[in-house]
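[1] here is my input, please return the structure:
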Amino acid sequence: MRDATDETSTYRREYLKAAGAVGLAGAIGLAGCSENASAATGTLATAVKDAPGDIEDFETCVVTVEGVWLKPGEADETTDPETDTEATDETTTDVEETADETTDTEAAGETTTDAAETEDETTDEEVTEQTEEDVDESDRREYYEFEQPQEADLVQLQDGNSKLVDEREVPVGTYQFLQLDVSNVEATLVDGGDAEIDTPGNAPLQFKHAFDVREDQRTVFTADFTPVKRGRTNRYLLQPVAKGTDVTYESATTSEPATDTTTDNMTDEPATNETA
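    Here you go, the predicted structure:
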């Protein structure tokens, strides 16, 4: 009889331990769900604009954007705009020093001429030569589809003008890049002809500028891209403009720059002159 009682007591103790463990696990699970459900969010506004360049060939250049991809995570060397800027500056300095050292020789003269021509072609636009291999299509990206596809005529988005194409709440945190989902481009040249415009490898434009989404603030990501002519045909390729793409932070309640306003492209002003 005593043995049966002992067995019963032991069983009850084991049962209570198991029940307690299940209850604790359930509480932790509910706490996790509650934490995720109440995760802080901030406002991300996406705008587009166009830098001077081959856009001058166009009477109209209407781009349709259907959504954006965002990649959460800390910035790395390939997505840090400041690092990219430093690398660009160092490269430019090296080219200038090399040109100065070789001006007196014929071979160097040819090299300098070639470098100058290349610089003339790219200085105004600072176009990022983006290929299909450059596009990060990892599973860590998060896609946000617009309620309605948005159209933007790049011809109208020059001289500091930009167009807001989306504004939404997203989780607070650091994002490695923003990528536009461009579904269509329709363009007419100034001479009345039609132009064929593609994105690299028919892939969306990816702007590798790390940025933050902050609680109670409005992050304005202005993506700058332009059509670049390919050879002497009427074929063009949409390419990101590194120097033109910028990020600003504003107060979500007053639309004024936040106290700790920072930008990825050395500007302290929010995106203005947005066209409807």
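
[2] span of stretch 211-225 from start to end?
    18 Å (C-alpha to C-alpha, to the nearest Å).

[3] which parts of it are buried?
    Using 16 or more other C-beta atoms under 10 Å as the burial criterion, the residues of stretch 211-225 that qualify are 211-214, 217-225. In this view, the C-beta of every residue, glycine as well, is placed from N, C-alpha and C.

[4] likewise for stretch 165-176?
    So stretch 165-176, judged by 16+ other C-beta under 10 Å, has buried residues 165, 166, 170, 171, 172, 173, 175, 176.

[5] so can I have a markdown table of these showing secondary structure?
    Converted to a markdown table, those look like this (DSSP: H, G, I helix; E, B strand; the rest coil):
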| residue | secondary structure |
| --- | --- |
| 165 | strand |
| 166 | strand |
| 170 | strand |
| 171 | strand |
| 172 | coil |
| 173 | strand |
| 175 | strand |
| 176 | strand |
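
[6] count of residues packed around residue 182?
    For residue 182, the neighbour count with other C-beta atoms under 10 Å is 22.

[7] residue 51 touches residue 245, doesn't it?
    No - if you go by C-beta atoms under 8 Å, residue 51 and residue 245 don't touch, sitting 9.4 Å apart.

[8] any shared contact partners between the two?
    residue 224 (C-beta atoms under 8 Å, 6 or more residues apart in numbering).

[9] so which of the two has more stuff around it?
    A count of neighbours by other C-beta under 10 Å puts residue 245 above the other of residue 51 and residue 245, at 25 against 22.

[10] give me phi/psi at that one?
    Per-residue torsions, residue 245: phi -80, psi 130 (degrees, to the nearest 10).

[11] so it touches residue 207, yeah?
    Yes - counting by C-beta under 8 Å, residue 245 does reach residue 207; the two are 5.2 Å apart.

[12] overlap in contacts of these two?
    Shared contacts of residue 245 and residue 207, counting by C-beta under 8 Å, 6+ apart, come down to 221, 223.

[13] from residue 246, how far off is residue 206?
    Distance check for residue 206 against residue 246: by C-beta to C-beta, to the nearest Å, it reads 16 Å.
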